[in-house]
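Peer 1: Below are the sequence and a predicted model; questions follow.
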Amino acid sequence: MFAARRTVNLFQKRAFSASAINASKVAVLGAAGGIGQPLSLLLKLNPRVSDLALYDIRGGPGVAADLSHINTNSTVTGYNPDASGLRDCLEGSEIILIPAGVPRKPGMTRDDLFNTNASIVRDLAKAAAEAAPKAHVLVIANPVNSTVPIVAEVYKARNVYDPKRLFGVTTLDVVRASRFISQVQSTNPSGEAVPVVGGHSGVTIVPLLSQSNHSSIAGQARDALVNRIQFGGDEVVKAKDGAGSATLSMAMAGARFAESLLRAAQGEKGVIEPTFVDSPLYKDQGIDFFASRVELGPNGVEQIHSVGEINEYEQGLLDACLADLKKNIQKGVDFVKANP
Ligand SMILES: NC(=O)c1ccc[n+]([C@@H]2O[C@H](COP(=O)([O-])OP(=O)(O)OC[C@H]3O[C@@H](n4cnc5c(N)ncnc54)[C@H](O)[C@@H]3O)[C@@H](O)[C@H]2O)c1
Ligand SMILES: O=C(O)C[C@H](O)C(=O)O
């Protein structure tokens with residue numbers, strides 16, 4: 001009898017300490033938007049998340065009330081901009097996802113969003129740097145090539161910048177790449193992995209088909225596939241016809257990246273995701289941020305993988321990418337300098 005009770009107690013103890021270790025507060029800024037809502041739903045379904053904090057300039061508490069009825073263990077709290085809403089949302093967060101900002105309409109580039117989204121991201125970054133300076137920040141808001149450097153500059157100005165904890169979410173590019181290649185090759189997309197490096201807009205998106213399972217794709221088939229991966233976002237913008245850009249696939253991609261970070265934070269080794277980070281790879285060319293495969297660990301970036309062996313065609317893509325990327329990054333840095 002005593003032994004039985006003891007077994008139960010030990011079991012309860014272990015269960016308690018496991019959940020204590022795994023307790024992770026995740027904040028979503030822009031939670032009532034097209035990405036924010038399905039992303040928050042997927043996070044509510046993730047057992048690694050213990051507290052979900054949802055902030056938006058409008059509608060955060062409504063989305064939170066709705067999600068809070070789902071019978072998973074995590075708590076869900078919604079916050080408005082009034083009083084200390086944003087600060088309360090951020091405090092204690094391990095991960096902060098930022099999908100806040102306007103999406104494209106047909107005919108626009110991601111850079112056309114800069115004037116609106118730069119100040120939104122800058123202000124949210126200021127709040128995050130003060131309330132949760134050690135959190136991992138995952139930037140989804142476009143143009144990612146510029147909004148990530150904006151967050152970095154805001155953190156640097158407050159002496160809390162940790163390059164290992166800032167990520168531009170480029171997961172959707174590899175999700176698309178594996179899907180699109182599987183359609184061309186009639187394969188299962190879950191078995192496909194196409195590295196995509198560079199940045200997250202047009203020609204800065206560089207798929208490396210030579211490193212995929214289908215390295216022999218050449219000529220027009222290759223060109224069409226590369227173009228579809230680079231401009232996949234435009235396909236959705238056009239199809240939505242003024243009602244925004246990718247939201248559901250982006251929510252899946254953002255939730256996957258957050259899950260990978262949590263797995264790494266909770267001790268799993270060898271977790272690798274593509275992401276746009278403060279990177280040494282092209283710093284000698286004045287390019288401080290670059291997306292490549294990154295191994296994640298408890299403190300964020302563990303190891304940044306180089307681009308690896310690429311062919312002449314891919315080198316041409318990379319050259320075009322680097323030229324654009326440099327300008328996009330500088331634009332973000334200059335914005336914060338001029339508008340601190
Ligand atoms: N990184 C990627 O791969 C990727 C993919 C898709 C979309 N995006 C980008 O994500 C952003 C959001 O897209 P969406 O479709 O969800 O847009 P949306 O307009 O549907 O939602 C944006 C949300 O942000 C909120 N918001 C605006 N300003 C805010 C602020 N200061 N604080 C908090 N919340 C604020 C809005 O109220 C809205 O609910 C866009 O910039 C889009 O281009 C990035
Ligand atoms: O295309 C967009 O503007 C949104 C996003 O960056 C995407 O790739 O779908």
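Peer 2: Structure received. Ligands and ions are numbered 1, 2, ... in the order given.
Peer 1: Leu39: neighbouring residues, count only.
Peer 2: 28 (other CB atoms under 10 Å). Glycine gets a C-beta too; all of them are placed from N, C-alpha and C.
Peer 1: ignore the last one, Gly34
Peer 2: Here the count is done by other CB under 10 Å, and Gly34 has 19 residues near it.
Peer 1: List the residues that contact it.
Peer 2: Neighbouring residues of Gly34 by CB atoms under 8 Å, 6 or more residues apart in numbering: Pro103, Gly244, Ser245, Thr247.
Peer 1: tell me which element Leu322 is part of?
Peer 2: Per DSSP states H and E: Leu322 is located in helix 312-338.
Peer 1: meant to ask about Phe276, not that
Peer 2: Using DSSP H and E, Phe276 falls in strand 271-278.
Peer 1: quick one: is that strand near ligand 1?
Peer 2: No. Counting by CB under 6 Å from any ligand atom, ligand 1 is not contacted by strand 271-278; separation bottoms out at 8.9 Å.
Peer 1: Repeat that for stretch 107-124.
Peer 2: Yes. On the criterion CB under 6 Å from any ligand atom, stretch 107-124 is in touch with ligand 1 at Leu113, Asn117, Ile120, Leu124.
Peer 1: likewise stretch 176-194?
Peer 2: No. Using CB under 6 Å from any ligand atom, stretch 176-194 never reaches ligand 1; the gap is at least 9.4 Å.
Peer 1: Could you give the separation between the terminal residues of that stretch?
Peer 2: With CA to CA, to the nearest Å as the measure, stretch 176-194 spans 9 Å from end to end.
Peer 1: so Asp66 is in which element?
Peer 2: Using DSSP H and E, Asp66 maps to helix 60-67.
Peer 1: Mind exporting the C-alpha coordinates of that helix to CSV?
Peer 2: Listed next in CSV are the C-alpha coordinates belonging to helix 60-67 (Å, rounded to 0.1, in the frame of the first residue of the first chain):
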residue,chain,number,x,y,z
GLY,A,60,-6.8,40.2,-29.0
PRO,A,61,-9.1,39.3,-26.1
GLY,A,62,-11.8,38.0,-28.5
VAL,A,63,-9.4,35.6,-30.2
ALA,A,64,-8.0,34.6,-26.8
ALA,A,65,-11.5,33.9,-25.4
ASP,A,66,-12.3,31.7,-28.4
LEU,A,67,-9.1,29.7,-28.2
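Peer 1: Work out the gap between that helix and the centre of the chain.
Peer 2: Distance of helix 60-67 from the chain centroid (CA atoms, centre = their mean, to the nearest Å) equals 22 Å.
Peer 1: Can you name every helix or strand that it contacts?
Peer 2: With contacts taken as 3 or more CB pairs under 8 Å, 6 or more residues apart in numbering; DSSP states H and E, helix 60-67 sits against helix 36-44, strand 51-55, strand 75-79.
Peer 1: touching ligand 2 at all, the longest one?
Peer 2: Read that as helix 36-44. No. Judged by CB under 6 Å from any ligand atom, helix 36-44 stays clear of ligand 2, getting no closer than 13.4 Å.
Peer 1: Please enumerate the helices of the chain.
Peer 2: Under the criterion DSSP state H, the chain contains helices at 2-21, 36-44, 60-67, 85-90, 114-131, 144-157, 171-185, 219-230, 232-240, 248-265, 312-338.
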